[in-house]
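Trainee: Generate a structure from the sequence data that follows.
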Amino acid sequence: MTQFDLDFVRAQFPAFADPSLQGWAFFENAGGSYPCRQTIGRLMEFYTRTKVQPYAPYPASEAAGAAMDEARVRVAALLNVTPEEVHFGPSTSQNTYVLANAFRRMLSAGDEIVVTDQDHEANSGVWRRLADEGMVVREWKVDPSTGHLDPAALDALLSEKTRVVAFPHVSNIVGEINPVAEICAKIRAAGAVSVVDGVSAAPHGLPDVAELGADIYMFSAYKTWGLHQGVMTVKRDLVERLPNQGHYFNAGYVTKRLTPAGPDHAQIAAMSGVADYTDALHDAHFAASDDAAERGRRVHGLMRAQEAALAAPLLDWLKGRNDIRLLGPSDPETRAPTVAMAHARPGEELARDLATHGIMAGGGDFYAVRLIEAMGVDPAHGVLRVSFLHYTSPAEIEQLMTALDKVL
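Mentor: Residues are numbered from 1 along each chain as shown. Purely as a prediction, here's the structure:
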């Protein structure tokens, strides 16, 4: 591995060369990352040359189908799962909705589901609604002072009736990295299914899903340098047990069972751009490897190290202030660089003021209403959230701290 090449990385993202964005520092990456040029190129190629119905017996259609198949195979390899375990949908929220509906038909009254109050509502609300069908919903609660989700507290919630446990890999507010492999092992030992929301984790390095042991793992492609769709991995045997959610005549196709409507062909094909970027980043920093999962693990480590180095001065600076409350840990090694803070002024108001200093950030509840309420923050007041990725520069971190000093 060589030193992190920030110039190489930023050259892969057209936004950094766009004149209209010069002088602006992007700190709303948790809401959606910039797309890389590889993704944009794949999308343009599909729309220019192969925007036809795929899998028909003529060249443009065959190429379209091949592009979609390539994306599925390459994304699966990076995540260390089989292609048949990868499912695409319009968003993660839609994917969880379909998933919960499938489980609804497989579960019985009295079966138990465990959810957390640390989650984004997408991986909480759909499961809580199953209480209306007679299922018992149990809540795994955070520590209200820190937002920490204690794995030991899960033990008391698991029973022989537990069927599903839904929890986040990383919270989109407190940012703490939960020990997914440890938690999934507990869930598996209890005979239940783990449903892991990876939306706030995957942008900081695509996960090795097999290593995590998650039965279901979900993330949003538009936060991993791609386009607006959801990606979900589901273990093959579980898909085959779940009731078909697609057209009845597609029940025999495992990758269509959790897709009620036709997928977006171009966006699926463009997912190869995410793989292209991952490979380019790997080859710029590491010796060659034919193992896609290993390339993914190396790039994950590269991103995490760079982001921790970027986060350290910001977190130290925030710890030194007495006018804000940092939500989540202050150790950059234990959290993702999604940093939320509570202040006497509303989060949205602070975000508007930061914009006058060239900072793009957000304020509000970020669909984590249950979490910020549990931590004693009024959702109407909200929090200020700044979030960044490996492509953020040290100069932009300095720009953020200077702006925060003026705004706070």
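
Trainee: quick one, helices of the stretch 51-200 of the chain?
Mentor: 59-79, 92-106, 125-128, 151-154, 180-189 (DSSP state H, counting those that start in this stretch).

Trainee: Domain ranges for the protein, per the record?
Mentor: For the chain, the structural domains run 6-34+297-407, 42-274, going by automatic domain parsing.

Trainee: what's the residue nearest the centre of the chain sitting at in phi/psi?
Mentor: By C-alpha atoms, centre = their mean, the chain has its centre lying nearest to V199, at 1.5 Å. Backbone torsions of V199, given as degrees, to the nearest 10, read phi -60, psi -40.

Trainee: contacting residues for it?
Mentor: For V199, the contacting residues are T92, H120, A122, P168, N172, M218, F219, S220, K223, by C-beta atoms under 8 Å, 6 or more residues apart in numbering. All C-beta atoms are positioned from the backbone trio N, CA, C, and that covers glycine.

Trainee: and what of A166?
Mentor: I113, V114, V115, T116, D119, N123, S124, W127, V195, V196, D197.

Trainee: Per-residue pLDDT of the closest residue to the last one other than its chain neighbours, please?
Mentor: In space, D197 comes closest to N123 once its chain neighbours are excluded; the distance is 3.9 Å by C-beta to C-beta, 6 or more residues apart in numbering. Residue-level confidence at N123 comes out at 96, pLDDT.

Trainee: Next, count neighbours for N123.
Mentor: By other C-beta atoms under 10 Å, 27 other residues sit near N123.

Trainee: From what I see, it and V165 are in contact.
Mentor: No. Assessed by C-beta atoms under 8 Å, N123 is found out of contact with V165, at 10.8 Å.

Trainee: Whichever strand or helix holds T402 packs against which elements?
Mentor: Assessed by DSSP states H and E, T402 sits inside helix 394-407. Counting contacts by 3 or more C-beta pairs under 8 Å, 6 or more residues apart in numbering; DSSP states H and E, helix 394-407 packs against strand 25-26, helix 292-319, helix 347-355, strand 359-360.

Trainee: For that helix, list every residue counted as buried.
Mentor: If you call a residue buried by 16 or more other C-beta atoms under 10 Å, then helix 394-407 has these buried ones: E396, I397, Q399, L400, A403, L404, V407.

Trainee: Out of the residues you listed, the closest to D283 would be?
Mentor: E396 (25.5 Å; C-beta to C-beta).

Trainee: Can you give me the separation between the closest one and A361?
Mentor: 12 Å (C-beta to C-beta, to the nearest Å).

Trainee: try A344
Mentor: Distance, A344 to A361, using C-beta to C-beta: 17 Å.

Trainee: which SS class is R345?
Mentor: coil (DSSP: H, G, I helix; E, B strand; the rest coil).

Trainee: any idea of the pLDDT on it?
Mentor: 98.

Trainee: Residue ranges in this structure under the pLDDT threshold?
Mentor: Low-confidence segments of the chain (pLDDT under 70): 1.

Trainee: rerun that using 80 as the cut-off
Mentor: For the chain, the stretches with pLDDT under 80 are 1-2.

Trainee: Could you count how many residues lie near G273?
Mentor: Neighbour tally, G273, other C-beta under 10 Å: 25.

Trainee: name the element it belongs to?
Mentor: helix 265-285.

Trainee: just checking, what packs against that helix?
Mentor: So helix 265-285, by 3+ C-beta pairs under 8 Å, 6+ apart, packs with helix 37-49, helix 59-79, strand 86-89, helix 292-319.

Trainee: Let's see that with 10 Å instead.
Mentor: Counting contacts by 3 or more C-beta pairs under 10 Å, 6 or more residues apart in numbering; DSSP states H and E, helix 265-285 packs against helix 6-11, helix 37-49, helix 59-79, strand 86-89, strand 230-234, helix 292-319.

Trainee: Next, find the distance separating the residue nearest to the centre of the chain from V193.
Mentor: 19 Å.

Trainee: same thing with A153?
Mentor: Remark: distance between A153 and V193 (C-beta to C-beta) = 19 Å.

Trainee: So these two - more neighbours on which side?
Mentor: Set A153 next to V193 and count neighbours by other C-beta under 10 Å: V193 wins out with 25 against 14.

Trainee: Let me know whether that one touches F167 as I believe.
Mentor: No. Counting by C-beta atoms under 10 Å, V193 sits too far from F167 to count as a contact (11.8 Å).

Trainee: Which neighbours do those two have in common?
Mentor: C184, I187, A214 (C-beta atoms under 10 Å, 6 or more residues apart in numbering).

Trainee: Just the closest of these to Q38, please.
Mentor: A214 (26.5 Å).

Trainee: To what extent is that closest one buried, counted in neighbours?
Mentor: Other residues near A214 come to 27 when the count uses other C-beta under 10 Å.

Trainee: Quick check: nearest residue in space to it, chain neighbours excluded?
Mentor: V196 (4.4 Å).

Trainee: surely that neighbour meets V165?
Mentor: Yes. With contact defined as C-beta under 10 Å, V196 reaches V165; the gap is 9.3 Å.

Trainee: coming back round to it: please say which of A344 and A361 ends up with more neighbours.
Mentor: More crowded of A344 and A361, by other C-beta under 10 Å: A361, with 28 against 10.

Trainee: List the contacts of the more buried one.
Mentor: With C-beta under 10 Å, 6+ apart, A361 has these contacts: 25-31, 339, 347, 350-355, 384-388, 400, 403-404, 407.

Trainee: check contacts around A344.
Mentor: Contact analysis of A344 by C-beta under 10 Å, 6+ apart lists D323, I324, R325, L350, H381, L408.

Trainee: Among the residues you listed, find the one with the greatest number of neighbours, please.
Mentor: Counting neighbours by other C-beta under 10 Å, L350 comes out on top of the contacts of A344 with 26 neighbours.

Trainee: so that one touches L404, yeah?
Mentor: Yes. With contacts counted by C-beta under 10 Å, L350 reaches L404, the gap being 8.6 Å.

Trainee: beta partners of the residue nearest to A214?
Mentor: Note on V196: beta-bridge partners by DSSP bridges are F167, Y217.

Trainee: Report how many residues lie close to it.
Mentor: Using other C-beta under 10 Å, V196 is surrounded by 28 other residues.

Trainee: same deal with the one 4 residues further on?
Mentor: Under the neighbour criterion other C-beta under 10 Å, S200 is assigned a count of 26.

Trainee: mind giving me JSON lines with the helices and strands packed on helix 265-285 and columns for distance to V98 and mean neighbour count?
Mentor: Below are the helices and strands packed on helix 265-285 laid out as JSON lines (distance: least, C-beta to C-beta, whole Å; neighbours: other C-beta atoms under 10 Å):
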{"stretch": "helix 6-11", "distance to V98": "35", "mean neighbour count": "14"}
{"stretch": "helix 37-49", "distance to V98": "24", "mean neighbour count": "18"}
{"stretch": "helix 59-79", "distance to V98": "18", "mean neighbour count": "19"}
{"stretch": "strand 86-89", "distance to V98": "7", "mean neighbour count": "23"}
{"stretch": "strand 230-234", "distance to V98": "9", "mean neighbour count": "25"}
{"stretch": "helix 292-319", "distance to V98": "26", "mean neighbour count": "18"}
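
Trainee: Sounds good, over and out.
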